[in-house]
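> Below are the sequence and a predicted model; questions follow.
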Amino acid sequence: MTAFLPTLAADAEERTLAALAAVEQARAAQADGAGGAVILGAHLEGPFLNPARAGAIPPEHMHPADPARAARLLDAVPDLVRLMTIAPDVEGALDLIPELARRGVVASLGHTPADYEAFRHGVDAGARHTTHLYNAMTGLHHRAPGAAGAALTDDRLTVELIADGEHVHPAMLALAIRAKGAERVALVSDAVGPAGLPPGEYDWLARRVRSDGATVRLPDGTLAGSLGTLDRALRVVTAPPPGPAVDLATAALLLSTVPARILGLTTKGRVAPGCDADLTAVDLTGQIRLTVIGGRIAYDGRGA
């Protein structure tokens, strides 16, 4: 990974504001020469979500789409928030979505029990993206296409997929890529704090979660984000059927080009004159061997 949006899940407002300040502090440190994957801004996954599809996010931190609350979050650090997940069915959402677009924030639909029609109302209001397709939304049924069916069939929307091999069955990953076309699909890690750490119990969003090395879950078994990384996503989407079995060029589109395009970035996500020299080299098994950020080697595993 050479650049990313840190995701802040719905939380108490004062903690979200503190987290936004911390993201900005880290971004400023990078401007002064600190290394690491480039922070492009922030993604607010809430708080305007529907508690009926909370997933692992504490439902008590989900609220109607109040313009004043939204302004406090968006104005805390001007131009930091680049993406916001919002449920189209919560009170006030259809009025807030156009305001997000006016501010240059990508409105992404998710964490919603909305049916097909209600989901499309969010798109009509100006939403252009879908947060972790299939997860925390109404699924596909041949007589009730649900939010997932609306996202898959509306060309105004891009979708993202958690391709960790746990959140979405490989065949459903393949279905989404075939239905949308690779140019409208982005892969995300959805990684949370325990990612990269040994199996065990951890605190996340003031809740106790347990990692078994493959998944991280609440005590009731609910998936609480992912332990996946984007190199893992690469291996999942290039796997043979029932996996998507995409080639490396298509995988690069899913992992780099489309995410950059969603954010309106013209110098990232592709190899071309004038673009940032951000590159990741993998071997034939999909393991990362070299990472270059801004023309400088950030990780060299070629001798490993």
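Nice, thanks for sending it over. Numbers count the residues shown, from 1 in each chain.
> can you give me the helices in the stretch 51-200 of the chain?
In the stretch 51-200 of the chain, the helices defined using DSSP state H, counting those that start in this stretch lie at 67-76, 93-102, 116-125, 146-153, 170-180.
> Pretty sure Asp154 sits against Val123.
Yes - under the criterion of C-beta atoms under 8 Å, Asp154 makes contact with Val123 at 5.6 Å. All C-beta spots, glycine's among them, are computed from the backbone N, C-alpha and C.
> confidence score at Ala87?
What the model reports for Ala87 is a pLDDT of 98.
> so what's the closest residue to Gly46 other than its chain neighbours up against?
Of all residues not flanking Gly46 in the chain, Ala10 sits nearest, at 2.8 Å (C-beta to C-beta, 6 or more residues apart in numbering). Contacts for Ala10 (C-beta atoms under 8 Å, 6 or more residues apart in numbering) come out as 16, 45-47, 49, 57-58, 61-62.
> Which residues does stretch 197-214 contact?
9, 11, 56-58, 166, 192-194, 216-219, 224-225, 227.
> Filter the residues you listed down to the buried ones, ChimeraX style.
Typed into ChimeraX, the line below selects the buried ones among these, using 16 or more other C-beta atoms under 10 Å:
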select :9,11,56,57,58,166,192,194,216,217,224,225,227
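> just curious, which of the contacts of stretch 197-214 is nearest to Leu254?
Glu166 (17.8 Å; C-beta to C-beta).
> isn't that closest one right up against Gly228?
Yes - applying C-beta under 8 Å, one finds Glu166 in contact with Gly228, separated by 7.4 Å.
> The most centrally placed residue in the chain pairs with what?
The centroid of the chain falls nearest to Val188 when counting by C-alpha atoms, centre = their mean (5.0 Å). Taking DSSP bridges as the rule, Val188 bridges to Ile162.
> go on, Phe4?
Ile39.
> OK, contacts around the residue nearest to the centre of the chain?
Contacts of Val188 by C-beta under 8 Å, 6+ apart are 132, 160-163, 233, 259.
> Buried residues, stretch 120-137. List them.
Going by neighbour count (16+ other C-beta under 10 Å), the buried part of stretch 120-137 is 120-123, 125-137.
> just the CA coordinates of it, formatted as PDB?
The C-alpha trace of stretch 120-137 is given here as PDB (Å, rounded to 0.1, in the frame of the first residue of the first chain):
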ATOM      1  CA  ARG A 120     -31.500   4.200  -5.500                       C
ATOM      2  CA  HIS A 121     -33.000   7.300  -3.900                       C
ATOM      3  CA  GLY A 122     -29.600   7.800  -2.300                       C
ATOM      4  CA  VAL A 123     -28.000   7.500  -5.700                       C
ATOM      5  CA  ASP A 124     -30.500  10.000  -7.200                       C
ATOM      6  CA  ALA A 125     -29.500  12.400  -4.400                       C
ATOM      7  CA  GLY A 126     -25.900  12.300  -5.500                       C
ATOM      8  CA  ALA A 127     -24.200   9.300  -3.900                       C
ATOM      9  CA  ARG A 128     -21.600   7.700  -6.200                       C
ATOM     10  CA  HIS A 129     -20.000   4.900  -4.200                       C
ATOM     11  CA  THR A 130     -20.900   1.900  -2.100                       C
ATOM     12  CA  THR A 131     -19.100   0.900   1.100                       C
ATOM     13  CA  HIS A 132     -18.100  -2.800   1.400                       C
ATOM     14  CA  LEU A 133     -20.700  -4.200  -1.000                       C
ATOM     15  CA  TYR A 134     -22.800  -7.100   0.400                       C
ATOM     16  CA  ASN A 135     -21.700  -6.500   4.000                       C
ATOM     17  CA  ALA A 136     -24.000  -4.600   6.400                       C
ATOM     18  CA  MET A 137     -26.700  -4.100   3.700                       C
END
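> avg pLDDT for that stretch?
98.
> next one: stretch 190-210
Rounded mean pLDDT across stretch 190-210 is 91.
> For the nearest residue to Ala3 once chain neighbours are set aside, give its distance to Thr112.
Nearest residue to Ala3, sequence neighbours excluded (C-beta to C-beta, 6+ apart): Val38, at 4.0 Å. For Val38, the distance to Thr112 equals 31 Å [C-beta to C-beta, to the nearest Å].
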